[in-house]
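[1] sequence plus the predicted model coming up.
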Amino acid sequence: MKKLFLIVAAIVMTISANAQSYNVGTSTTSTDYMGNQTTTHRNQYGQKTGTSTTSTDYMGNTTTVHRDLYGNKIGTSTTSTDYMGNTTTVHRDQYGNKTGSATSSTDYMGNTTTRYSDAYGRSTGSSSTSTDYMGNTTTTYRNQYGQKEGSSTSSRDYMGNKTTQQRSNNSNTSIWSW
């Protein structure tokens, strides 16, 4: 009986450990009257780790500049939208070298699927985003093998500012919704 209890306890502890997720930070986004966005990234302790500023051109394409805690430029992301509403984002480092890309498509229910690739076009994972009737979004991130890596939930306040909470299945992993 004691042996059976220990086995059951071990199974429960394993399931609990696998179900655990870790707070890895938050992002808060505000939008100015021109439609430009500023996002402040913070770690799990609330300390600022960087910012992202996004501007949109007259064609609807966006450019985001990512900066570290000290304001140094660490990369850019440029997003273009095709006539079907699908988006392609290209990420570059501070020197302009391509580091990866993401392509997103949205179904008729408003759910979005994004596929991520490295600088050489190899798959690095995917994410799926759903929106509830309040306009809040939940995104699940998966690696290239389909295993869940983390999630993020976003909500907006009455001023239209967005707060995103990132969680990871691995305490050493950061999930950033750039």
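    On my side now, so go ahead.
[2] number of residues surrounding the closest residue in space to Thr88 that isn't next to it in sequence?
    What sits nearest to Thr88 in space, not counting adjacent residues and going by Cβ to Cβ, 6 or more residues apart in numbering, is Thr103, at 5.1 Å. The C-beta positions use only the backbone N, C-alpha and C, and glycine is treated the same way. Number of residues near Thr103 (other Cβ atoms under 10 Å) recorded here: 15.
[3] the one 10 residues further on too?
    When counting by other Cβ under 10 Å, one arrives at 13 neighbours for Thr113.
[4] surely it is in contact with Ser130?
    No. Thr113 is beyond contact range of Ser130, at 10.3 Å (criterion: Cβ atoms under 8 Å).
[5] what sits against Ser123?
    By Cβ atoms under 8 Å, 6 or more residues apart in numbering, the contact list for Ser123 reads Arg115, Tyr116, Ser117, Gln144.
[6] so of those residues, which ones are in strands?
    If you go by DSSP state E, the contacts of Ser123 have Arg115, Tyr116, Ser117 in strands.
[7] quick one: buried ones out of those residues?
    Buried members of the ones in strands among the contacts of Ser123, counted by 16 or more other Cβ atoms under 10 Å: Tyr116, Ser117.
[8] any chance of the ones in strands among the contacts of Ser123 in JSON lines, plus distance to Thr137 and pLDDT?
    JSON lines is the format used below for the ones in strands among the contacts of Ser123 (distance: Cβ to Cβ, whole Å; pLDDT from 0 to 100):
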{"residue": "Arg115", "distance to Thr137": "18", "pLDDT": "96"}
{"residue": "Tyr116", "distance to Thr137": "17", "pLDDT": "95"}
{"residue": "Ser117", "distance to Thr137": "22", "pLDDT": "95"}
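[9] distance to Thr140 for the ones in strands among the contacts of Ser123 - can I get that in TSV?
    Formatted as TSV, these follow (distance: Cβ to Cβ, whole Å):
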residue	distance to Thr140
Arg115	14
Tyr116	13
Ser117	18
